[in-house]
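Trainee: A structural model of the following input is requested.
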Amino acid sequence: MNELAIKELLYTLADNQLILGHRNSEWTGIGPILEEDIAFSSMAQDKLGHSLAFYTLLHELGESDPDTLAFMRNAAQFHCCHLVELPIGEYDFSLIRHFLYDHAEAIRFEYLAQSSYEPAAKVAAKLRGELKYHLLHANTMVKQLGNATAESISRLQQSLNYAFPYALGMFQPSPYEADLASSNIFPRESNIQAQWLESIQKILAQTQLQQTAVHTISPVLGGRLGQHSEYLQPLLDEMAEVINIDPSTEW
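Mentor: This next block holds a predicted model:
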């Protein structure tokens, strides 16, 4: 079993969850309605918990402790995709990002629960139930607003068009993809992308939203290899403010 391949996979999973968790937490107190304020706060807490679980697995493989991994690395050391780094913007963008990301994450967790790497399989089996509620929320809101007023449909469509190239970046292949697949640790990203496209299209077909043909879109790549948007380092600086003031602080 290729330990480098496992570590790279765990870093990607953990970093995506950590960064999107922090982005979702920015809706706390400013959600468009109280229910959405609570929903995004709850999902943020879940994602931070998921990232902690994967950072803990990394620590067991000899990497630094979870607090150090979460708060003491710079942007070039992160493996997250560009989609999760983007600012929360207006509610329609955050909802579409949530919809696109969590459909992919639900598929990932189903595969992880069957992984030959038992520690990750146990984590996924324990946590994947939370993702079902995330998906239920995303699907419900997209179907409601994607069939509501002309304004809500237009705003969601614009956000979908904007987010889609970034969403395709979620499926950037691992440098160790062949090893992960041949060892039954994790499937190829192209397999996950194909299932994801089917999954989101089932929901979009129940709305007045249109998905752009994938072959016409250039995915925004690089995040898995440490090449990030201008937004990540400022977010990491903000996240690390407390631990920089008091290094004894615990997550």
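Trainee: Can you pull out the low-pLDDT segments for the chain?
Mentor: Scanning the chain for pLDDT under 70 picks out 1, 246-251.
Trainee: That one: helices as residue ranges?
Mentor: 3-25, 34-60, 66-71, 82-85, 91-112, 118-145, 150-168, 177-182, 189-204, 232-239, 241-245 (DSSP state H).
Trainee: Remind me what the fourth one packs against, helices and strands.
Mentor: This means helix 82-85. helix 3-25, helix 91-112, helix 150-168 (3 or more Cβ pairs under 8 Å, 6 or more residues apart in numbering; DSSP states H and E). All C-beta spots, glycine's among them, are computed from the backbone N, C-alpha and C.
Trainee: can you list contacts of it?
Mentor: Helix 82-85 is contacted from outside by 16, 19-20, 23, 97, 100-101, 163, 166-167, 169-170, 220, 222-223, 228-229, 231-232, 235, using Cβ atoms under 8 Å, 6 or more residues apart in numbering.
Trainee: burial measure for H103, as a count.
Mentor: The number of residues packed near H103 is 25, by other Cβ atoms under 10 Å.
Trainee: correct me, but it touches Q195?
Mentor: No: assessed by Cβ atoms under 8 Å, H103 is found out of contact with Q195, at 9.0 Å.
Trainee: Now for Q208: which residues touch it?
Mentor: For Q208, counting by Cβ under 8 Å, 6+ apart, the contacting residues are 146-147, 153.
Trainee: out of the residues you listed, which are buried?
Mentor: Neighbour-count burial within the contacts of Q208 applies to 146, 153; the criterion is 16 or more other Cβ atoms under 10 Å.
Trainee: Just put the contacts of Q208 in TSV and tack on distance to L83.
Mentor: As requested, those are arranged in TSV below (distance: Cβ to Cβ, whole Å):
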residue	distance to L83
G146	20
N147	25
I153	22
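Trainee: ok, of the contacts of Q208, which one's closest to I200?
Mentor: G146 (11.7 Å; Cβ to Cβ).
Trainee: Let me see the contact set for that closest one.
Mentor: G146 sits next to 152-153, 156, 204, 206-209 when contact means Cβ under 8 Å, 6+ apart.
Trainee: Quick check on the closest residue to it other than its chain neighbours: phi, psi?
Mentor: Of all residues not flanking G146 in the chain, T207 sits nearest, at 3.0 Å (Cβ to Cβ, 6 or more residues apart in numbering). When quoted as degrees, to the nearest 10, the phi and psi of T207 stand at phi -130, psi -180.
Trainee: Report the contact partners of T207.
Mentor: T207 neighbours (Cβ under 8 Å, 6+ apart): 142-143, 146-147, 153, 156.
Trainee: Go through those residues and say which is closest to T68.
Mentor: V142 (37.2 Å).
Trainee: ok, now which ones touch the closest one?
Mentor: Contact analysis of V142 by Cβ under 8 Å, 6+ apart lists 95-96, 99, 156, 203-204, 207, 209.
Trainee: one more time with 6 Å
Mentor: With contact set as Cβ atoms under 6 Å, 6 or more residues apart in numbering, V142 has these partners: F99.
Trainee: do the same with P173
Mentor: Contacts of P173 by Cβ under 6 Å, 6+ apart are E189.
Trainee: Tell me how far it lies from C81.
Mentor: For P173, the distance to C81 equals 12 Å [Cβ to Cβ, to the nearest Å].
Trainee: same check, this time on I217
Mentor: As judged by Cβ to Cβ, I217 and C81 stand 15 Å apart.
Trainee: So those two - more neighbours on which side?
Mentor: Between I217 and C81, counted using other Cβ under 10 Å, C81 has the larger neighbour count: 29 against 14.
Trainee: Surely that one touches F171?
Mentor: No: C81 is beyond contact range of F171, at 8.6 Å (criterion: Cβ atoms under 6 Å).
Trainee: Around the residue nearest to Q193 when sequence neighbours are not counted, how many other residues sit close by?
Mentor: Leaving aside its sequence neighbours, Q193 sits nearest to F171 (Cβ to Cβ, 6+ apart; 4.1 Å). By other Cβ under 10 Å, 20 other residues sit near F171.
Trainee: Nothing else from me, thank you.
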